[in-house]
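In: pasted the sequence and its predicted model underneath.
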Amino acid sequence: MISLDGSLFIQIINFLFLIWALNVVLYKPIRNILIQRKEKITGLEQNIDACNSDSKGKDDAFTSGLKEARGKGMGEKDALIQTATDEEKMIIEKINQKAQADLAEVREKVAKDAESVRISLQKELDDIAIAISHKILGRAF
């Protein structure tokens, strides 16, 4: 039979001391390490989430900035093309006007030259006609 004597109290005290010693030496440090690890993992997860949202925001901003820059570039390109087309039309119009003026000047000069040649040929023609008539008739007037 089991007798309840003073050794039972010593065993209870020994058991409580062992639990306290294990708690102080083994369990609390392990629990503290587990708590620190959990806090570190939670902090890293929050950093990852923050970085993901930040990178998504930056990616969206980059994409919208790129679209805006492309739109602005296309607008400037169209404006430059329109300006170049207008300048080209003006230059071609000036060249055409100058060519028309030069053509009119050349036509006028050709007409004057033709008239002066016609007049000189008319004088020579009269002289030649008289000379031919002298030779055909064989006499002088």
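Out: Ah, there it is.
In: name the surrounding residues that touch stretch 132-141.
Out: Under the criterion CB atoms under 8 Å, 6 or more residues apart in numbering, residues residue 130 lie in contact with stretch 132-141. All C-beta spots, glycine's among them, are computed from the backbone N, C-alpha and C.
In: any idea how far it is from the chain center?
Out: Here the centre of stretch 132-141 is set off from its chain's centre by 91 Å, with CA atoms, centre = their mean, to the nearest Å.
In: mind checking how far the longest helix along the chain is from the chain centre?
Out: Longest helix of the chain, by residue count under DSSP state H: helix 28-137. Computed by CA atoms, centre = their mean, the chain-centroid distance of helix 28-137 equals 16 Å.
In: model confidence over that helix, on average?
Out: Regarding helix 28-137, the rounded mean pLDDT is 92.
In: now swap in stretch 3-21 and tell me
Out: 89.
In: burial count for residue 43?
Out: 10 (other CB atoms under 10 Å).
In: swap that for residue 77, sorry
Out: Residue 77 has 10 neighbours, counted by other CB under 10 Å.
In: ok, residue 54 next?
Out: Neighbours of residue 54 under the rule other CB under 10 Å: 10.
In: what does residue 45 give?
Out: Neighbours of residue 45 (other CB under 10 Å): 10.
In: how near is it to residue 97?
Out: Per CB to CB, to the nearest Å, residue 45 is found 77 Å from residue 97.
In: with residue 103 instead?
Out: Between residue 103 and residue 97 the computed distance is 11 Å (CB to CB).
In: equivalent analysis for residue 88, please.
Out: Computed as CB to CB, the residue 88 to residue 97 distance reads 15 Å.
In: again, but for residue 108
Out: 16 Å.
In: what do you get for residue 112?
Out: Noted for residue 112: a distance of 23 Å to residue 97, by CB to CB.
In: before we move on, what about residue 51?
Out: Going from residue 51 to residue 97 by CB to CB gives 67 Å.
In: quick check: which element contains residue 7?
Out: If you go by DSSP states H and E, residue 7 is part of helix 6-22.
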